[in-house]
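K.L.:
Prediction below, plus the sequence it came from.
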Amino acid sequence: GDSVTQMEGPVTLSEEAFLTINCTYTATGYPSLFWYVQYPGEGLQLLLKATKADDKGSNKGFEATYRKETTSFHLEKGSVQVSDSAVYFCALTIGNTPLVFGKGTRLSVIA
Amino acid sequence: GAGVSQSPSNKVTEKGKDVELRCDPISGHTALYWYRQSLGQGLEFLIYFQGNSAPDKSGLPSDRFSAERTGGSVSTLTIQRTQQEDSAVYLCASSLKYRVVDTQYFGPGTRLTVL
């Protein structure tokens, strides 16, 4: 079945460091890809998405590019802030089927 | 406009009791999803409603779990004879489902603790 694999956490970075969270997927069709974020004590929020190969999703300084050749959707940010501390989930859907999530990566940014 | 709402936000129950969790989707959204978030299992799909079609129940972990959606809007997830392993955060999401791909918007969740 379809699956998402993302790098295990936790990830601890200093403020202004570069962030990469790796995400790869396996899917039988042509998935749409998402990054969701869960801030402490809050619900899941959509961070960014991409619906076809070579699309780049971006939001709040975060970016991810849909790479069909490597089946990847890595999340990047050039300069993280303490407020970016959260759990990040990579996910996929085909059509509007239920989302398949990775296990999540906890990011802690220290000042 | 208003987002997805869920109630209660927290529920503590005793093993063996039944519980009902409620979800109010975004107005006009035809697709509604239930997920469960637990430490050991991450985020798991439970059940999916799309308009008047029969729900996709393929993610329900046992026959103690059921859900209904009345009038194409509000949904209730029922867990009968709760067990300690049912302790988790239950998340509801909705989407428009008139385009090929649409974003699922999540509610804040109901944290269920089974003692």
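P.N.:
Yep, it's here.

K.L.:
Please make it C-alpha for all contacts and neighbour counts, starting now.
P.N.:
OK.

K.L.:
got a list of what A:Gly65 touches?
P.N.:
For the record, residue A:65 is Thr, not Gly. Applying Cα atoms under 8 Å, 6 or more residues apart in numbering or on different chains to A:Thr65 gives the contacts A:50, A:54-57, A:72-75.

K.L.:
how far away is B:Met78 from B:Glu20?
P.N.:
Rather than Met, residue B:78 is Thr. The gap separating B:Thr78 from B:Glu20 is 5 Å, by Cα to Cα, to the nearest Å.

K.L.:
Between these two, which is the more surrounded one?
P.N.:
The residue with more neighbours, out of B:Thr78 and B:Glu20, is B:Thr78; 17 against 14, by other Cα atoms under 10 Å in any protein chain shown.

K.L.:
in chain B, which spans are strands?
P.N.:
Ranges of strands in chain B, per DSSP state E, are B:5-7, B:10-13, B:19-24, B:31-38, B:42-50, B:65-69, B:75-79, B:88-95, B:105-106, B:110-114.

K.L.:
Ok, which of the ones you listed comes nearest A:Val37?
P.N.:
strand B:105-106 (11.1 Å; Cα to Cα).

K.L.:
Quick one: list the elements packing against that closest one.
P.N.:
Here strand B:105-106 touches strand A:44-50, strand B:88-95, going by 3 or more Cα pairs under 8 Å, 6 or more residues apart in numbering or on different chains; DSSP states H and E.

K.L.:
quick one: it to chain centroid distance?
P.N.:
The chain centroid and the centroid of strand B:105-106 are separated by 11 Å under Cα atoms, centre = their mean, to the nearest Å.

K.L.:
same question, stretch B:95-113
P.N.:
How far stretch B:95-113 lies from its chain's middle: 9 Å, per Cα atoms, centre = their mean.

K.L.:
these two touch, right, A:Ala86 and A:Val80?
P.N.:
No. Under the criterion of Cα atoms under 8 Å, A:Ala86 makes no contact with A:Val80, lying 11.5 Å away.

K.L.:
give the contact list for the one residue in chain A that gets nearest to chain B.
P.N.:
Residue nearest to chain B within chain A (Cα to the nearest Cα): A:Gly43, separated by 4.4 Å. By Cα under 8 Å, 6+ apart, the contact set of A:Gly43 is B:106-109.

K.L.:
Over to A:Val82: give its phi and psi.
P.N.:
Dihedral pair for A:Val82: phi -60, psi -40, per degrees, to the nearest 10.

K.L.:
could you list every residue that touches it?
P.N.:
With contacts defined as Cα under 8 Å, 6+ apart, A:Val82 is in contact with A:15, A:108-111.

K.L.:
quick one on the thing from earlier: between A:Ala86 and A:Val80, who's got more neighbours?
P.N.:
When A:Ala86 and A:Val80 are compared on other Cα under 10 Å, the one with more neighbours turns out to be A:Val80, at 22 against 19.

K.L.:
tell me the contacts of the residue nearest to the spatial centre of chain B?
P.N.:
Among the residues of chain B, the one closest to the centroid is B:Trp34, at 3.1 Å (Cα atoms, centre = their mean). Listed by Cα under 8 Å, 6+ apart, the contact set of B:Trp34 reads B:45-48, B:90-93.
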